[in-house]
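K.L.:
The following comprises the amino acid sequence and a computationally predicted model.
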Amino acid sequence: MKKKLRMNPIMKKEMMVGSRSIKMSFAIMGINGFLALIVLLVMGSNSVMGGMTGYDYSSLSFLFPVLGCVECGLLSLIIPIITSGSISGERERQTLDIMLTTPVSPFSIALGKLGSAMMVVMMYMVTSIPVMAIAFVLGGMSWWALLGLFAMLLYLGIYVGSVGVFCSSVVKKSVMATILTIVIGIGIIIATFVILYILIAMKAYEASVTKATTVAVGATPMIMLLNPYSPFVDFLIRSMTSHSLYDVIADMGTVSPVYEVIYRGWIPVSVVLNLLISLGFLKLAAMNIAVTRNKKRK
Amino acid sequence: MLEIQGLTKKYGKFLALDNLNLHIEKGEIFGFVGPNGAGKTTTMRITCGLLKATSGTVYVDGVNALTNPDDIKRKVGYVPDFFGVYDNLKVMEYMEFYGSMYGMDKADVDEIADGLLELVNLSDKKDVFVDTLSRGMKQRLCVARALIHNPDLLVLDEPNSGLDPRARFEMKEVLKNLGAMGKTIIISSHILPELAEMCTSIGIMERGHLIASGKVDEIMQKTKGSQPIHLRAVLSSDEEEETQKESLTRLLKEQPNVEKVTQTEDELLISFNGNDEDAAILLKSLVDANIRISNFYREKEDLESLFLEITGGGKA
């Protein structure tokens, strides 16, 4: 017998409830308003500069990465707010117990919560198309770049959202979960840079001792594969220039063929790796939801 | 329908349930009575798959709840003591949401939800937002929600807590109707007279132990001396009143099943441990002894006094 493909019921409900909320309308308006303001400022400053030296349309090509970064930054702040209340909110409303008496598994609950957050992200992305189109009209981007940006934002949304759902399953209060999500996110970014810095310093020390003329890059930059924002950076470099993150790494020293494959495929490798980490966060969230069952009710 | 054997639950060092044994027949309305912390909610949550037991077995309609929690979820409907509200969700959407959680089609859910909302008197509230309903309506909606997948066993944890008398009455009617439909129901409540009225059997818990269980009348019968007989006799004017009372007291004490006779201002209070037939024999023997009886009645014990007697005054 054919099994019907069903939408996750929690995701469906969250979308329905969320779409009725005035908060979402204001958030969409706020994001797009902010993006429009950035466009106005960039175009305005260009216009002022153009008055002196002649209008330089090529400088407007930077509108695309600027808008991409702003959108990425905004979503990195908004997604924790959306997802941090996902499980803790159910606990606060005392609806989690009822959910757990249904056949829906704790993992499906976590997945549904993440899915609904992703729908919100997609809605933000779609509504931002008119503003992004300004960069498109002025020649700063291609359709592929726009699609690539959206794919990157979606991937980052999944990552940050998974951390948010996990934090929401750990902490009782939604506000605390939001703060914890941002702290973990920033913590991962800082940690990858700190570890990279230490590894590079060790390599430099090693090179100074051995007095080597050429340094093998080796696996040192791989730590940055764990930085969820590194594929986004590689994507922007590739979109704006004819280079990639690999060229930056190759400038540091010699790269062996095995590592070259990984570094050249930075975006897919890092994205897959970080999506696996996201899956881990969701599994941990599901475990925390299931553990609720073993706790005495206050 | 429900068979619990040797159920034990520990929270760290605290023993919430200690080797609990319980049997509930299909179609019964079983009332859980006990002071706070007695283990009622823990038992209910284990039965629903919300808690893992430390040891023991729980079978719902032949399915082990502890080893097959997913199967149990389709057999049990759970109503907690607090109704959590989702903002911006209408009554029918609420039912559809929970129906979809059980993998039901929208058309099926709508059909079943129609009937259930009628059962709980909320047919006219289908398009109303859940958070605008009164507490009593929300609790009845919660019962309808718990029935959406047609469970064999309905577990209600203090469904009447915080409800006003009108809402309590409406909830009682809903549960009575469900009982009449043959649903097996487990209900815990602090309002004992209502439980006595609704339940076919009860279980009294204290400190993780089931100290009494069975039909309400049977448990009451077991508690000897708890239903005293009030007797008033018309005394003769020939003899002194005190002398007559003393001789009557002596006569009563000679009768079987009479434990104690206490004189009050205008009647005698007889501590009697026999059944109704024994009481009838006592009455006949008094009449045969030419005692002119003007009033003879046995106190009807209620669940509240029974509970207090068994638990030694513990608060429900």
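P.N.:
On my side now, so go ahead. Numbering: from 1, shown residues only, chains lettered A, B, ... in the order given.
K.L.:
Test my guess that residue B:161 contacts residue B:83.
P.N.:
No. The criterion here is Cβ atoms under 8 Å, and residue B:161 misses it with residue B:83 at 10.5 Å. Every C-beta, even on glycine, is put in place using the N, C-alpha and C of the backbone.
K.L.:
Give me the more crowded residue out of the two.
P.N.:
Neighbours per residue (other Cβ atoms under 10 Å in any protein chain shown) separate residue B:161 from residue B:83, with residue B:83 holding more: 23 against 15.
K.L.:
and that one, helix, strand or coil?
P.N.:
On the three-state scheme (DSSP: H, G, I helix; E, B strand; the rest coil), residue B:83 is labelled coil.
K.L.:
And for the one 5 residues further on?
P.N.:
Three states are possible here, and by three-state DSSP the one that applies to residue B:88 is coil.
K.L.:
List the contacts of it.
P.N.:
Going by Cβ atoms under 8 Å, 6 or more residues apart in numbering or on different chains, residue B:88 touches A:16, A:17, A:20, A:21, B:129.
K.L.:
okay, now the closest residue to residue B:282 other than its chain neighbours: neighbour count?
P.N.:
Closest residue to residue B:282 apart from its sequence neighbours, by Cβ to Cβ, 6 or more residues apart in numbering or on different chains: residue B:255 at 5.4 Å. Close neighbours of residue B:255, defined as other Cβ under 10 Å, add up to 17.
K.L.:
Can you pull the phi/psi pair for residue B:255?
P.N.:
Residue B:255 adopts backbone torsions of phi -80, psi 150, taken as degrees, to the nearest 10.
K.L.:
Please export the C-alpha coordinates of the top helix by length along chain B as PDB.
P.N.:
Ranked by number of residues, the top helix in chain B under DSSP state H is helix B:165-180. Listed next in PDB are the C-alpha coordinates belonging to helix B:165-180 (Å, rounded to 0.1, in the frame of the first residue of the first chain):
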ATOM      1  CA  PRO B 165     -19.400  24.600  39.900                       C
ATOM      2  CA  ARG B 166     -21.200  25.000  36.600                       C
ATOM      3  CA  ALA B 167     -18.100  24.000  34.500                       C
ATOM      4  CA  ARG B 168     -17.600  21.000  36.900                       C
ATOM      5  CA  PHE B 169     -21.200  19.900  36.400                       C
ATOM      6  CA  GLU B 170     -20.800  20.100  32.600                       C
ATOM      7  CA  MET B 171     -17.500  18.200  32.800                       C
ATOM      8  CA  LYS B 172     -19.200  15.500  35.000                       C
ATOM      9  CA  GLU B 173     -22.000  15.100  32.500                       C
ATOM     10  CA  VAL B 174     -19.500  14.700  29.600                       C
ATOM     11  CA  LEU B 175     -17.700  12.000  31.600                       C
ATOM     12  CA  LYS B 176     -20.900  10.300  32.600                       C
ATOM     13  CA  ASN B 177     -21.800  10.200  28.900                       C
ATOM     14  CA  LEU B 178     -18.500   8.700  28.000                       C
ATOM     15  CA  GLY B 179     -18.900   6.100  30.700                       C
ATOM     16  CA  ALA B 180     -22.300   5.200  29.300                       C
END
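K.L.:
Sketch out the low-pLDDT regions of the stretch 151-300 of chain B for me.
P.N.:
Along the stretch 151-300 of chain B, the parts satisfying pLDDT under 70 run over B:191, B:220-227, B:238, B:300.
K.L.:
Contacts only, for whatever residue of it ends up closest to chain A.
P.N.:
Residue of the stretch 151-300 of chain B nearest chain A, by Cβ to the nearest Cβ: residue B:155 (8.8 Å). Shown in contact with residue B:155 (Cβ under 8 Å, 6+ apart): B:44, B:47, B:48, B:76, B:77, B:78, B:79, B:185, B:186.
K.L.:
So for the third one, what pLDDT did the model give?
P.N.:
Confidence at residue B:48, expressed as pLDDT, is 87.
K.L.:
Likewise for residue B:56?
P.N.:
With respect to pLDDT, residue B:56 has a value of 90.
K.L.:
would residue B:260 count as being in a helix?
P.N.:
No. Counting by three-state DSSP, residue B:260 is not found in a helix; it is strand.
K.L.:
which parts of chain B sit against chain A?
P.N.:
Within chain B, the residues that sit near chain A (Cβ under 8 Å from any Cβ of the partner chain) are B:11, B:14, B:16, B:41-42, B:45, B:48-52, B:70, B:73-74, B:76-78, B:80, B:82-89, B:93, B:97-98, B:100-103, B:145.
K.L.:
Just the ones of the residues you listed in helices?
P.N.:
Reading helices off these with DSSP H, I get B:41, B:42, B:45, B:70, B:73, B:74, B:93, B:97, B:98, B:100, B:101, B:145.
K.L.:
Skip the chain neighbours and tell me the closest residue to residue 278.
P.N.:
Since no chain was named, I'll use chain A. Among residues not flanking residue A:278 along the chain, residue A:162 sits closest, at 3.8 Å (Cβ to Cβ, 6+ apart).
K.L.:
that answer is for a different chain, and I need it for chain B
P.N.:
residue B:257 (4.9 Å).
K.L.:
Pretty sure the one you found sits against residue B:276.
P.N.:
No. Using Cβ under 8 Å, residue B:257 is not in contact with residue B:276, being 11.4 Å away.
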